[in-house]
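[1] sequence first, predicted model second:
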Amino acid sequence: MMSYKITLARTAHTFEALAHETILQAALRQKIPIPWGCGGGLCGVCLSHMVSGKMVYKSEPLALFEEDKMAGKGLVCVGYARSDLVIDVPELG
Ligand code: FES
């Protein structure tokens, strides 16, 4: 089964994401703390800077605005890895 390595920038965390699970699902499954709210691409809490790699969506998330995309940001709760990724998630607050 295809899996990718996810690295959280600025932290020591790395984890594995399977092709059919979202980055958020993969993180939660492995007890990796990342901030999230709705889990459905609606609230924007999980908006992260995509430092490198390819992440795709099944459908365009409602909370992802054009300026976010232009700034290289993505919503990890509804994003699927298609390569190894480095992502910079928001601070847990
Ligand atoms: S957790 Fe709400 S948009 Fe990702």
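    Okay, I see it.
[2] got a list of what the residue most central in space within the chain touches?
    Nearest to the mean C-alpha position of the chain, counting by C-alpha atoms, centre = their mean, stands residue 76 at 2.4 Å. Contact analysis of residue 76 by C-beta atoms under 8 Å, 6 or more residues apart in numbering lists 22, 23, 24, 27, 34, 36, 46, 48, 55, 87, 89. Glycine gets a C-beta too; all of them are placed from N, C-alpha and C.
[3] would you turn these into JSON lines with distance to residue 10?
    Formatted as JSON lines, the contacts of residue 76 follow (distance: C-beta to C-beta, whole Å):
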{"residue": "22", "distance to residue 10": "21"}
{"residue": "23", "distance to residue 10": "16"}
{"residue": "24", "distance to residue 10": "18"}
{"residue": "27", "distance to residue 10": "15"}
{"residue": "34", "distance to residue 10": "12"}
{"residue": "36", "distance to residue 10": "18"}
{"residue": "46", "distance to residue 10": "16"}
{"residue": "48", "distance to residue 10": "11"}
{"residue": "55", "distance to residue 10": "18"}
{"residue": "87", "distance to residue 10": "10"}
{"residue": "89", "distance to residue 10": "9"}
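[4] which ones among those map onto helices?
    Among the contacts of residue 76, the members found in helices (DSSP state H) are 23, 24, 27.
[5] ok, the last one touching residue 34?
    Yes: in terms of C-beta atoms under 8 Å, residue 27 counts as a neighbour of residue 34; the distance is 4.8 Å.
[6] follow-up on the earlier one: so how far is residue 57 from the residue nearest to the centre of the chain?
    Counting by C-beta to C-beta, to the nearest Å, the gap from residue 76 to residue 57 is 11 Å.
[7] list only those of the contacts of residue 76 flagged as buried.
    22, 23, 24, 27, 34, 36, 46, 48, 55, 87, 89 (16 or more other C-beta atoms under 10 Å).
[8] can you narrow these down to the ones near the ligand?
    36, 46 (C-beta under 6 Å from any ligand atom).
[9] what's the most distant pair in the buried ones among the contacts of residue 76?
    The span of the buried ones among the contacts of residue 76, defined through C-beta to C-beta, is set by 36 and 55 at 15.1 Å.
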